[in-house]
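Participant: no sequence on this one, just coordinates:
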């Protein structure tokens, strides 16, 4: 584990503490405006320091964390929890998430009528 006393790139930090799965996903989130540090949209190379509040919108959920320790290499889940304080709101209950339509195995492709019904359900 590499620790710096100063600062590290925000995309490297959110990847290192396992808020996103890959470094390229972290960079893309920063470029897309889904990462905020102290309520400011940031670029991937923006520095992050201990005490900063980082907001990451990923997979339909917003994570709000406060930086406690700087790491520049990906660390294990136990160590990653020590590097941040999680102030995120709880995830929505599973019932609130939109159910995924499932077809029976071997049912084949949906008919035109079934596709129209699915489109009608999705548009509501």
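Facilitator: Done, it's in. Model, not experiment: these values are computed from the prediction.
Participant: what is the least confident helix or strand in the protein?
Facilitator: helix 112-123 (a mean of 88; mean pLDDT, DSSP states H and E).
Participant: quick check: the gap between the closest residue to residue 46 other than its chain neighbours and residue 114.
Facilitator: The spatially closest residue to residue 46, leaving aside those adjacent along the chain, is residue 10, at 4.9 Å (Cβ to Cβ, 6 or more residues apart in numbering). (Glycine included, C-beta is placed from N, CA and C.) Separation of residue 10 from residue 114 (Cβ to Cβ, to the nearest Å) stands at 45 Å.
Participant: what ranges do the helices span in the protein?
Facilitator: Assigned by DSSP state H, the chain shows helices spanning 10-16, 23-31, 77-82, 112-123.
Participant: most tightly surrounded among those helices?
Facilitator: Burial of the helices of the chain is given as mean neighbour count (mean count of other Cβ atoms under 10 Å); helix 10-16 ranks first at a mean of 24.
Participant: report the rounded mean pLDDT for it.
Facilitator: Confidence for helix 10-16, expressed as mean pLDDT, is 95.
Participant: for that helix, packing partners?
Facilitator: Packing partners of helix 10-16 (3 or more Cβ pairs under 8 Å, 6 or more residues apart in numbering; DSSP states H and E): helix 23-31, strand 35-37, strand 47-48, strand 53-58.
Participant: same list, these, but as TSV with mean pLDDT and distance to residue 87 please.
Facilitator: Formatted as TSV, those follow (pLDDT from 0 to 100; distance: least, Cβ to Cβ, whole Å):
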stretch	mean pLDDT	distance to residue 87
helix 23-31	95	18
strand 35-37	95	13
strand 47-48	94	16
strand 53-58	94	8
